[in-house]
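Q: model the structure of this input:
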Amino acid sequence: MQPDTRDIVQIIVYRDAGSVEYLLLQRSPEDGGWWQPVTGHVEFGESEQEALLRELAEETGITRPKFVSQQIHSNPLDGGVGQASVYMVQADADAEIKLEPGEHVQYKWVNFEDALNLLKYDGNKDNLRRADALLAEAR
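A: Numbering: from 1, shown residues only. Down below sits the predicted model:
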């Protein structure tokens, strides 16, 4: 069996529930307990788009997003061992979230400011800012 790549996809999931809300997932305490967007590794032989849809389904239960963007940002991972590619996905306003057992313990739909306050890592905050700016341009 071939090893996974070191590349990751990060997915900024949002919905329009009268105003834009972002989906954040809280990692289990064993995995640090911090809040983050949907994030996962691209498996060997898998395209980023395939990884995006697989990770979205595994981590949230969303299998039919309303919209999937093209890549909105890419940056090298620490140590230069791969890259992180960022996408945006729109979920239905009433999307039912089903967390993957063991990886995440809870989720929240939150506004932009609350999302910034919950996110731990600056890179995640920067990606959310990019997504929010793109949504603001589209309105």
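
Q: so L116 touches A131, yeah?
A: No. Judged on Cβ atoms under 8 Å, L116 makes no contact with A131 at a distance of 11.6 Å. Where C-beta positions appear, they are placed from N, C-alpha and C, glycine not excepted.

Q: between those two, which one's more packed in?
A: A side-by-side neighbour count of L116 and A131, using other Cβ atoms under 10 Å, places A131 first with 27 against 15.

Q: looking at this, the more buried one is in a helix?
A: Yes. Looking at A131 with DSSP: H, G, I helix; E, B strand; the rest coil, it is inside a helix.

Q: and the pLDDT for it?
A: Looking at A131, its pLDDT reads 97.

Q: can you tell me the closest non-neighbouring residue to it?
A: Leaving aside its chain neighbours, A131 sits nearest to I12 (4.1 Å; criterion: Cβ to Cβ, 6 or more residues apart in numbering).

Q: ok, the one you found - contacts?
A: Shown in contact with I12 (Cβ atoms under 8 Å, 6 or more residues apart in numbering): Y22, P37, I72, V86, Y87, M88, V89, N127, L128, A131.

Q: and which of these is nearest to K66?
A: Nearest to K66 among the contacts of I12 is V89, at 8.2 Å by Cβ to Cβ.

Q: before we move on, the earlier item: part of a helix, is the residue nearest to A131?
A: No. Assessed with three-state DSSP, I12 is strand; it does not lie in a helix.

Q: tell me the bridge partners for it.
A: M88 (DSSP bridges).

Q: first-to-last residue distance for stretch 11-29?
A: End-to-end span of stretch 11-29 (Cα to Cα, to the nearest Å): 22 Å.

Q: the residue nearest to W35 when sequence neighbours are not counted: neighbouring residues, count only.
A: Spatially, and ignoring its direct neighbours in sequence, W35 is nearest to L118 (4.2 Å; Cβ to Cβ, 6+ apart). Residues within reach of L118, counting by other Cβ under 10 Å, total 18.

Q: got it, and G79?
A: The local packing of G79 (other Cβ under 10 Å) involves 7 other residues.

Q: let me know the secondary structure of it.
A: Using three-state DSSP, the secondary structure recorded for G79 is helix.

Q: ok, the helix-or-strand element of the chain with minimal mean pLDDT: who's next to it in the sheet?
A: Across the helices and strands of the chain, mean pLDDT, DSSP states H and E gives its lowest value to strand 73-76, namely a mean of 90. Strand pairing for strand 73-76, using DSSP bridges, gives strand 83-90 (antiparallel).
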